[in-house]
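*Asks:* Let me see the structure of the following:
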Amino acid sequence: MSAGPKRALVVSPTAQAQTAKRELRGAYDWVPVEEAELIVALGGDGFMLQTLHAMLERRGDPVPVFGMNLGTVGFLMNEWRGDGLDARLERAKSFKVTPLQMTARTVSGESFVLPAINEVSLLRETRQTAKLEVTVNDRIVLPELACDGILAATPAGSTAYNLSANGPILPLGSGMIALTAISAFRPRRWRGAVLPEKARITLKVLEPAKRPVSAVADQREVRDVAQVDIAIDRTRELTLLFDPEHALDDRITMEQFAS
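*Replies:* Next comes the predicted model:
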């Protein structure tokens, strides 16, 4: 067995990823996920998010994850190569990612606490424009925001949905959260804000019966919310591993110059 950390292999159900799995299974030694000190994930960014959420839910501290892209964009992944994996893992550069915590209270009074590695987003459920009250650190900064929605993104997630909504790209280690409007109608010129990561954000839904809103933490949705509180969860930290020539901080930097 390899002298390095004990590794587990997790794989997307796509045909391409399953083919790669067979190649790696025969070439390297693997242990069950619960025994692993390092995870190798094969798939795309969506599968990487699933893997990272599984790390948050496991007993004990999360272990580092090295992803290889067998999906589409693969922003959170390394290039797929079946050979030389031991050397790549030894040389890999680590990046710490701290998730957001979303606390969502529904109109019916239920409460849900969910982590978000990329972003927390609020979205209108019907044709009616959402109306939201935005509070930062217990101070109301927007008494009424009429929009299709709003999102709060981490630096790691700032190049995903946030960027598509014309939000700012945040460098890793910037200690910032992007608060980005989605199709703001009033105030028409407000497009968002960049907040320190210690900020506590509260989004209250105005007229929730007439203008229902859902809240999404990465891929998990809570419908008919009345209020959502968002803050960095400093009690949990994830580690991503990247080839030095394709490190996440370099990718985020270069995304600012993409045409």
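
*Asks:* Would you map the strands across the stretch 1-150 of the chain?
*Replies:* Across the stretch 1-150 of the chain, reading from the start of the chain, the strands by DSSP state E, counting those that start in this stretch fall at 7-11, 38-43, 65-69, 93-97, 100-106, 111-116, 119-124, 130-136, 139-147, 149-153.

*Asks:* The stretch 151-259 of the chain now?
*Replies:* Counting by DSSP E, counting those that start in this stretch, the strands of the stretch 151-259 of the chain are 176-182, 192-196, 201-206, 213-217, 220-222, 225-232, 238-242.

*Asks:* In TSV, list those strands along with distance to residue 53 and mean pLDDT.
*Replies:* C-beta coordinates here come from the backbone N, C-alpha and C atoms, glycine included. As requested, the strands of the stretch 151-259 of the chain are arranged in TSV below (distance: least, C-beta to C-beta, whole Å; pLDDT from 0 to 100):
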stretch	distance to residue 53	mean pLDDT
strand 176-182	19	97
strand 192-196	24	96
strand 201-206	21	98
strand 213-217	9	98
strand 220-222	8	97
strand 225-232	17	98
strand 238-242	9	95
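
*Asks:* Minimum distance to residue 214: which of the strands of the stretch 1-150 of the chain has it?
*Replies:* Residue 214 sits nearest to strand 119-124 of all those, at 5.5 Å, using C-beta to C-beta.

*Asks:* Could the C-alpha coordinates of the closest one be exported in CSV?
*Replies:* C-alpha atoms of strand 119-124 as CSV (Å, rounded to 0.1, in the frame of the first residue of the first chain):
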residue,chain,number,x,y,z
GLU,A,119,-23.9,30.4,-1.7
VAL,A,120,-27.2,30.9,0.0
SER,A,121,-29.8,32.2,-2.4
LEU,A,122,-33.4,33.4,-2.0
LEU,A,123,-35.6,33.1,-5.1
ARG,A,124,-39.2,34.1,-5.8
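
*Asks:* Report the beta-bridge partners for residue 43.
*Replies:* Counting by DSSP bridges, residue 43 forms beta bridges with residue 69.

*Asks:* Distance-wise, check it relative to residue 14.
*Replies:* Distance check for residue 43 against residue 14: by C-beta to C-beta, to the nearest Å, it reads 7 Å.
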